[in-house]
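Asker: The sequence and its predicted three-dimensional model are supplied below.
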Amino acid sequence: MQQFWHISEEEPFEVSERAFAGEKNIYIQSENAFIFLCLEGEAKIEVDLWRYTIEPNSQLVLLPNAVLQVHHASPNFRLLCIACLGELFHELSNCLEPPFFRYIKEKPCVLLDEREVALIKSVAHLLEDVSQDRENPYRRQMAANHIQNLFFHFYSRTRQFFPNNDSKWVNRKEMLFKEFLKLVLRYCATEREVTFYAKALNITPRYLSNIVLTVGG
């Protein structure tokens, strides 16, 4: 992933356009989150072993630790990418219901209408402006707000497809903590490393440690 995007604690987000002319057999796995919008061309891809075709106006959302493979890209294949540090993504998305993340994992690729495409492009332009404003002390927070608003939009657009659940809603940290406890009970005899449990939950070890401290503490 590092050969395409450069995300770090100091630079927790990036907006860019990438051309993958004729590329094939690209393998990407990252702890960060990505929103891709196909601007031109076509590609045959897999996300977590499920096959998709990317064409103009296709949106692809990759949650942290998702696996993307590009099997073939046309000579004119071009993407708009909004990349977000995994830790920042978890901060921004903590208030969203767990079914949202399951839905995104099951349907990471969708075809958008022109209105939705225009929205993503407008957010990308706002993020580009913030990225260039190096002297702004609120730069990180402004970028975080733009990205969070975009995920709120995805959430509102997809919420109708979530399965009905009459039980009391719990926030994502609580849900992840409960899943972590189940994994510990199952694997504690053979697995002692935080990285094992973080990978199983599709989050970073640092975020898992934070969950244990804030929810389980």
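Answerer: Now that the structure is in, tell me what you want to look at. Numbers count the residues shown, from 1 in each chain.
Asker: now the strands for the chain?
Answerer: 13-19, 26-29, 33-40, 43-47, 50-54, 58-62, 67-73, 78-84, 109-111 (DSSP state E).
Asker: what sits against the closest residue to residue 34 other than its chain neighbours?
Answerer: Spatially, and ignoring its direct neighbours in sequence, residue 34 is nearest to residue 62 (4.3 Å; C-beta to C-beta, 6 or more residues apart in numbering). Every residue, glycine included, has its C-beta placed from N, CA and C. By C-beta atoms under 8 Å, 6 or more residues apart in numbering, residue 62 lies in contact with 28, 30, 33-36, 47, 68, 108.
Asker: export the strands of the chain to CSV and tack on mean pLDDT?
Answerer: CSV is the format used below for the strands of the chain (pLDDT from 0 to 100):
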stretch, mean pLDDT
strand 13-19, 91
strand 26-29, 83
strand 33-40, 96
strand 43-47, 94
strand 50-54, 94
strand 58-62, 96
strand 67-73, 90
strand 78-84, 95
strand 109-111, 96
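Asker: Can you tell me which of those is nearest to residue 157?
Answerer: For the strands of the chain, the distance to residue 157 is smallest for strand 109-111, at 9.2 Å, taking C-beta to C-beta.
Asker: Walk me through which strands the closest one pairs with, and which way each runs.
Answerer: strand 58-62 (antiparallel) (DSSP bridges).
Asker: From residue 152, how far out is residue 93?
Answerer: 9 Å (C-beta to C-beta, to the nearest Å).
Asker: Settle it for me: which of the two has more neighbours?
Answerer: Each of residue 93 and residue 152 has its neighbours counted (other C-beta atoms under 10 Å); residue 93 has more, 21 against 14.
Asker: Distance of the more buried one relative to residue 63?
Answerer: 9 Å.
Asker: Residue 10 too?
Answerer: According to C-beta to C-beta, residue 10 stands 23 Å off from residue 63.
Asker: In terms of neighbours, single out the busier of those two.
Answerer: residue 63 (20 against 8).
Asker: Is that one in contact with residue 204, as I believe?
Answerer: No. Between residue 63 and residue 204 there is no contact under C-beta atoms under 8 Å: 11.8 Å.
Asker: mind listing the helices for the chain?
Answerer: Listed in chain order, the helices of the chain (DSSP state H) span 86-93, 98-106, 114-132, 139-158, 172-187, 194-201, 205-214.
Asker: Can you list the helices and strands that the third one packs against?
Answerer: With contacts defined as 3 or more C-beta pairs under 8 Å, 6 or more residues apart in numbering; DSSP states H and E, the secondary structure elements packing on helix 114-132 are strand 13-19, strand 33-40, strand 78-84, helix 139-158.
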